[in-house]
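[1] Make a model of this:
(one chain, ligands or ions: 1)
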Amino acid sequence: MLNVPDPFWVITLFLLGSFVGSFLNVVIYRLPLEKSVVYPGSHCPQCNKNLAWYDNVPIFAWIYLGGKCRNCKAKYSFRYPAIELLTALLFAGFYIAYFMSDVRLLMPEFLHGGWIIYLVHITLVAALIASTFIDADHWIIPLSVCYITAGVGVIGAMLLHYFIDFPISLHGQQWRMLPFAGPKMAAAGLGSLIGLTLTYMLIKFGLYKRSFHEFEQACLQAQENDQPMPSEDDVNIRREMGREILFLAPIVIMTYLAVKILSGQSDVASKWVILIDEQKWLAGLLGSVFGFMIGAGVVWAIRILGSLAFGREAMGLGDMHLMGAVGAVLGWQSSVVAFFVAPFFGLGYAIMRLVLKGSREIPYGPFLSAATIVVMIFHDSIMDYLGVLFTQPSVVP
Ligand SMILES: [Zn+2]
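    Coordinates of the predicted model:
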């Protein structure tokens with residue numbers, strides 16, 4: 001097997017990261033404005049002149065142009081090279097953490113399949129960077145970013161076993177790399193997927209109304225007629241949360257039924273156990289789906305409880321989908337832990353703001369992102385510390 005020295009990968013991934021960071025700048029700027037992220041190419045927002053490739057080199061172009069447009073001398077924010085550098089450092093840093101240090105003990109070598117885990121995880125990291133800055137600017141997390149990331153997680157979990165030959169000693173430990181379900185969790189994943197489909201159909205056929213439906217209609221109408229925007233204070237938050245509880249009902253019921261039917265002593269149940277054990281891609285897929293449901297579900301539960309308790313909307317749908325994506329990529333365990341670690345980052349920041357005498361409210365996405373990155377790197381020690389809570393029974397009964 002080819003032996004490529006680590007520094008080669010660190011430098012290559014640093015450079016790759018700087019280009020991805022450059023693309024993330026485009027995503028962060030254009031996506032919330034609903035502009036295409038691929039067309040047109042990079043141009044100066046001031047004078048519209050297209051950037052030559054040498055004026056578009058990540059990090060360095062900003063430095064040698066002194067942060068100005070070559071043509072019209074418009075000033076470019078320091079944030080552009082900063083995001084490129086941050087992305088480059090994380091791309092290189094994750095390689096060092098995963099493949100050159102001991103923090104992730106079970107990680108296969110990079111060229112022996114570790115690369116597929118790295119690729120899926122680093123996609124999540126890129127999505128977290130984009131979400132953080134879009135949330136900071138606009139107070140939204142684009143759902144498209146969450147769905148694409150979750151999709152990459154699902155595909156990665158399905159493919160993992162075709163790239164990595166897990167030694168028998170590691171069986172039942174795959175969930176530490178990418179989501180992987182035993183028969184029971186797979187049943188829950190399948191049930192939740194059926195339940196979610198039911199909810200969507202109920203909405204589609206008009207039997208369910210989306211929450212905040214009237215409020216959104218009123219906003220659109222106000223926009224069209226140039227009237228002042230309606231206030232969210234006039235929304236009956238308890239009724240909206242009631243609707244969201246109804247959304248959840250089919251998912252919870254179908255999950256319960258699927259687990260009930262597919263585990264136990266019946267004929268179907270024993271066929272299911274064999275199916276999940278033999279079809280590794282299905283175990284990965286349903287593990288990833290289950291991760292999405294739990295990641296999003298925990299935020300959703302807190303959102304409903306918080307909104308009912310405080311009488312105003314707590315935690316956005318963006319936060320919910322972001323943690324769903326985290327669950328789809330890292331498994332349900334990591335998304336739950338990250339969600340409960342995030343407030344500590346938020347608290348530190350809030351105290352800092354108080355000390356610096358700022359009192360504006362702050363978006364939550366950046367803290368969820370920071371917490372997720374910490375959980376990714378220190379995954380093994382965190383999961384071992386939480387111990388029995390997160391140990392998964394072996395796949396074969
Ligand atoms: Zn210009």
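
[2] The host helix or strand of residue 333: how far from the chain's middle?
    For residue 333, the element it lies in under DSSP states H and E is helix 332-355. Counting by Cα atoms, centre = their mean, to the nearest Å, helix 332-355 is centred 16 Å from the centre of its parent chain.

[3] same for it, what does it pack against?
    helix 280-310, helix 317-330, helix 365-377, helix 379-386 (3 or more Cβ pairs under 8 Å, 6 or more residues apart in numbering; DSSP states H and E). Using the backbone N, CA and C atoms, a C-beta is placed for each residue, glycine as well.

[4] redo that, cut-off 6 Å
    helix 280-310, helix 317-330, helix 365-377 (3 or more Cβ pairs under 6 Å, 6 or more residues apart in numbering; DSSP states H and E).

[5] The ion is nearest to which of the ones you listed?
    Shortest distance between the ion and the helices and strands packed on helix 332-355, using Cβ to the ion, is found for helix 365-377: 30.0 Å.

[6] Buried residues in that closest one, which are they?
    Buried residues in helix 365-377, counted by 16 or more other Cβ atoms under 10 Å: 365-377.

[7] pLDDT averaged over that helix, what's the number?
    Helix 365-377 shows a mean pLDDT of 95.

[8] Can you say which of the helices and strands packed on helix 332-355 is nearest to residue 177?
    With Cβ to Cβ as the measure, helix 317-330 is the member of the helices and strands packed on helix 332-355 nearest residue 177 (9.2 Å).

[9] Now do residue 394, the pLDDT please.
    44.

[10] Repeat that for residue 32.
    92.

[11] Quick check: closest non-adjacent residue to it.
    Closest residue to residue 32 apart from its sequence neighbours, by Cβ to Cβ, 6 or more residues apart in numbering: residue 138 at 4.6 Å.

[12] Could you give the number of residues near the one you found?
    15 (other Cβ atoms under 10 Å).

[13] about what we covered before: out of the helices and strands packed on helix 332-355, deepest packed?
    helix 317-330 (a mean of 29; mean count of other Cβ atoms under 10 Å).

[14] Flag the shaky bits of the stretch 1-150 of the chain, pLDDT-wise.
    1-2 (pLDDT under 70).

[15] Show me what from it comes close to the ion.
    44, 46-47, 69, 71-72, 74 (Cβ under 5 Å from the ion).

[16] my guess is residue 131 meets residue 366, correct?
    No. At 8.1 Å, residue 131 does not count as touching residue 366 under the criterion of Cβ atoms under 6 Å.

[17] coming back round to it: would you list the buried entries among the residues of the stretch 1-150 of the chain next to the ion?
    Members of these classed as buried by 16+ other Cβ under 10 Å are 44, 69.

[18] how about the helices in the stretch 151-300 of the chain?
    Per DSSP state H, counting those that start in this stretch, the stretch 151-300 of the chain carries helices over the ranges 183-204, 213-224, 237-262, 267-278, 280-310.

[19] I'd like the mean pLDDT over the first one, please.
    Helix 183-204 shows an average pLDDT of 95 in the prediction.

[20] Tell me what angle it forms with helix 213-224.
    If you take axes from the mean of the first three to the mean of the last three Cα atoms, to 10 degrees, helix 183-204 sits at 50 degrees to helix 213-224.

[21] do the last one as well
    Helix 280-310 and helix 213-224 meet at an angle of 80 degrees, taking the same axes, to 10 degrees as the criterion.
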